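Undergrad: would you be able to build a 3D model of this:
(chains A and B)
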Amino acid sequence: GDQVKQSPSALSLQEGTNSALRCNFSIATTTVQWFLQNPRGSLMNLFYLVPGTKENGRLKSTFNSKESYSTLHIRDAQLEDSGTYFCAVLRASSSFSKLVFGQGTSLSVVP
Amino acid sequence: GGIITQTPKFLIGQEGQKLTLKCQQNFNHDTMYWYRQDSGKGLRLIYYSITENDLQKGDLSEGYDASREKKSSFSLTVTSAQKNEMAVFLCASSQGLGYTEVFFGKGTRLTVV
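TA: Residues are numbered from 1 along each chain as shown, chains lettered A, B, ... in the order given. The predicted structure follows:
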């Protein structure tokens, strides 16, 4: 089954409003990354998290390792926030390492 | 900061053709990755390499070869292009094998005709 699940799968927000994206995972991990993929396909790094919270401008993200989830809060949404948000969880051992991606949340910010 | 450059940006190939995608990074990172993204979906790992001349298979390695010619470059070969392989291929790098931030290139969009 899916090891990393994002919700919602799609979201439409009015400019200036707030929302939260959720990422639940069933992999034991110590790091989570959030990316924004723009319409041209480029992946932009938003957050690299160990358990705890980080904030950057209008974005805030929390990684709760005990309950195996991460959230991305968007405050005062702007048109340029539109795109697909991916959460990725590190699955690592002594012999391999990879990011396991969720399916993404497609966000559309409208005027 | 650094940059990951993927070439070409767009690649059109014939079914059955052997196609090569290239990736260069100037972060001086040890580990490099190739991911594949199908339309509307997340990314899946094809190959990764933890150092020059090292290769490790990911979840999707069948039908692909890879080569880490030097620390800064990692190439991916589609051994025989199939129509269901139309996807975006993303190269990435990170400082170490795990527990370090991963950065991505802008991708190569493959179309097979």
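Undergrad: so what would you say the end-to-end distance of stretch B:88-100 is?
TA: This stretch, stretch B:88-100, spans 24 Å end to end (CA to CA, to the nearest Å).
Undergrad: for the residue nearest the centre of chain B, give me its contacts.
TA: For chain B, residue B:34 is the residue whose C-alpha lies nearest the centre (CA atoms, centre = their mean; 2.9 Å). Applying CB atoms under 8 Å, 6 or more residues apart in numbering or on different chains to residue B:34 gives the contacts B:21, B:23, B:45-48, B:58, B:64, B:66, B:74, B:76, B:89-92. C-beta here means a position set from N, CA and C on the backbone, and glycine is covered the same way.
Undergrad: take these and keep only those in strands.
TA: Per DSSP state E, strands hold the following members of the contacts of residue B:34: B:21, B:23, B:45-48, B:64, B:66, B:74, B:76, B:89-92.
Undergrad: packing partners for the worst-scoring helix or strand of chain A on mean pLDDT?
TA: Lowest by mean pLDDT, DSSP states H and E among the helices and strands of chain A is strand A:97-101, with a mean of 84. Judged by 3 or more CB pairs under 8 Å, 6 or more residues apart in numbering or on different chains; DSSP states H and E, strand A:97-101 is in contact with strand A:83-92, strand B:43-49.
Undergrad: please repeat the previous calculation with a cut-off of 6 Å.
TA: Helices and strands touching strand A:97-101, as assessed by 3 or more CB pairs under 6 Å, 6 or more residues apart in numbering or on different chains; DSSP states H and E, comprise strand A:83-92.
Undergrad: the strand it packs on pairs with which strands?
TA: strand A:32-37 (antiparallel), strand A:97-101 (antiparallel), strand A:105-110 (antiparallel) (DSSP bridges).
Undergrad: mind checking how far the shortest one is from the chain centre?
TA: In this case it means strand A:97-101. Distance of strand A:97-101 from its chain centroid, counting by CA atoms, centre = their mean, to the nearest Å, is 14 Å.
Undergrad: what's the answer for stretch A:86-101, then?
TA: Distance, centroid of stretch A:86-101 to centroid of chain: 15 Å (CA atoms, centre = their mean).
Undergrad: do the same with stretch B:61-68
TA: For stretch B:61-68, the distance to the chain centre is 9 Å (CA atoms, centre = their mean).
Undergrad: show me where chain B has its strands.
TA: Counting by DSSP E, the strands of chain B are B:4-7, B:10-13, B:19-25, B:31-37, B:43-49, B:56-57, B:64-70, B:73-78, B:87-94, B:102-104, B:108-112.
Undergrad: in its sheet, what does the longest one sit against?
TA: In this case it means strand B:87-94. Strand B:87-94 is paired, per DSSP bridges, with strand B:31-37 (antiparallel), strand B:102-104 (antiparallel), strand B:108-112 (antiparallel).
Undergrad: how big is the angle separating it from strand B:64-70?
TA: 30 degrees (axes from the mean of the first three to the mean of the last three CA atoms, to 10 degrees).
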